[in-house]
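>>> 3D model of this:
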Amino acid sequence: MKPSASPASVAGVHAPDAAFAQSALGQSLMRVLATGSASHRQIADYLLRNQLRVTALGIEELADSCQVSTATISRFARDIGQKNYSAMRGAMAETLQSLLQPVDKLRHTILHRARATSPVTQSLEYAAANIAATADALSLAQMQAVVRRLTRARVVYVMGFGLSANLAGMLVQHLQPFCPHVVEVVGIGGSEVAAGHLVNLTAHDVLVVISFPRYTLDCIGLASFARDRGAHIVALTDSPASPLAELADHALYAQSTHPVLPSSASTALAMIEALAVALMVSNKGNVEKAARLSDVIAAYLYGGEHGVQGPRKSAAKHKSRAVQKKQFI
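Numbers count the residues shown, from 1 in each chain. Now for the predicted structure:
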């Protein structure tokens, strides 16, 4: 009889990176750790504890470390859905790209700061590289499918927690002129308010859910609830390894790698702007709405009728008043 996994082993001895454990690949390894054969549990345990190191190991080196045969390693890779060991190692590297522990990254940055470029310059370089990589991988067909869903939705709900709440607010501002009804799910009330907003979801609605490492459990749980209600789910997240990817009908990926922060939001913001532009130009009606919106708010901008007076307009106004006063005298 196969011994049952203890709570400690299921959770992962020495607490494997929580973010990695929540990824699609991490969840597969956790299932093996809980219910697999003895040799497979040994491999899964090693992978969870040594995620970064494994990406540089050959199959023979991993077999020696796990005290199993290379054939067992190959069989393990196939059993978790990978074509072979090389594919499994590649999946590990791809997942870790966005999920490295922030503390480890910070320590690495401090240790190598003397030999590296300025942290400020490095941060900007990562932002530029993330945007370029995201643009190269972007599926325009996927973007257009999202635009069509947003256009047809009865209500568009937008949800993001933590730093992603700021991104959600930005997206709401962009969508409001062009969608019949847009609801910012989280706002200032947190999970309880978010759940209250989502109670009335139907199959005619769209939920845009935004989440990047570190992923929040509330975001994943409420997205699952929305999917169960029949709503269409659009995810804006960092990679196919995100726990949101398997919940989404459509996913837009914004690479978020950063040398110090848990994740970078610069590419997500660029993706939000790209989505807004795609929606604006999707039909002539939206172009007209954008023009009307500009007319409405123009009077409240700097130099406008109701806004702060520009230098020239303010001077002209004072001169006009002086002339009127002189004439009155």
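>>> which one is Gln144 nearest to, not counting chain neighbours?
Distances taken as CB to CB, 6 or more residues apart in numbering put Ala278 closest to Gln144, at 7.0 Å, once the chain neighbours are dropped. Heads up, the C-betas are built off the backbone N, CA and C, glycines and all.
>>> by mean pLDDT, point me to the weakest helix or strand of this structure.
Of the helices and strands making up the chain, the lowest-confidence element is helix 7-11, at a mean of 31, by mean pLDDT, DSSP states H and E.
>>> partners of the residue nearest to the spatial centre of the chain in the sheet?
In the chain, the residue lying closest to the centroid (CA atoms, centre = their mean) is Thr237, at 2.6 Å. Beta-bridge pairing for Thr237 (DSSP bridges): Tyr253.
>>> need the contact list for it.
Neighbouring residues of Thr237 by CB atoms under 8 Å, 6 or more residues apart in numbering: Ile210, Ser211, Phe212, Leu244, Ala245, Ala251, Leu252, Tyr253, Ala254.
>>> any of these buried? List them.
Buried subset of the contacts of Thr237 (neighbour count, 16 or more other CB atoms under 10 Å): Ile210, Ser211, Phe212, Leu244, Ala245, Ala251, Leu252, Tyr253, Ala254.
>>> turn the residues you listed into a markdown table, including pLDDT and distance to Pro177.
Formatted as a markdown table, these follow (pLDDT from 0 to 100; distance: CB to CB, whole Å):
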| residue | pLDDT | distance to Pro177 |
| --- | --- | --- |
| Ile210 | 95 | 20 |
| Ser211 | 92 | 25 |
| Phe212 | 90 | 26 |
| Leu244 | 86 | 27 |
| Ala245 | 80 | 29 |
| Ala251 | 90 | 25 |
| Leu252 | 92 | 20 |
| Tyr253 | 89 | 26 |
| Ala254 | 90 | 23 |
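>>> of these, which is the nearest to Asp218?
Using CB to CB, Ser211 comes nearest to Asp218 of the buried ones among the contacts of Thr237, at 9.7 Å.
>>> isn't the closest one up against Leu247?
No: judged on CB atoms under 8 Å, Ser211 makes no contact with Leu247 at a distance of 10.4 Å.
>>> shared neighbours, the two?
With CB under 8 Å, 6+ apart as the test, Ser211 and Leu247 both reach Ile220, Ala235.
>>> can I get stretch 186-197 in PDB, CA atoms only?
Taking Å, rounded to 0.1, in the frame of the first residue of the first chain, the C-alpha atoms of stretch 186-197 are listed here in PDB:
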ATOM      1  CA  VAL A 186     -12.600  46.200  -6.400                       C
ATOM      2  CA  GLY A 187     -12.600  49.900  -5.800                       C
ATOM      3  CA  ILE A 188     -11.800  50.800  -2.200                       C
ATOM      4  CA  GLY A 189     -13.800  48.000  -0.600                       C
ATOM      5  CA  GLY A 190     -11.600  45.000  -1.200                       C
ATOM      6  CA  SER A 191     -12.800  41.400  -1.700                       C
ATOM      7  CA  GLU A 192     -16.200  41.800  -0.100                       C
ATOM      8  CA  VAL A 193     -17.200  44.700  -2.400                       C
ATOM      9  CA  ALA A 194     -15.700  42.800  -5.300                       C
ATOM     10  CA  ALA A 195     -17.900  39.800  -4.500                       C
ATOM     11  CA  GLY A 196     -20.900  42.000  -4.200                       C
ATOM     12  CA  HIS A 197     -20.400  43.500  -7.700                       C
END
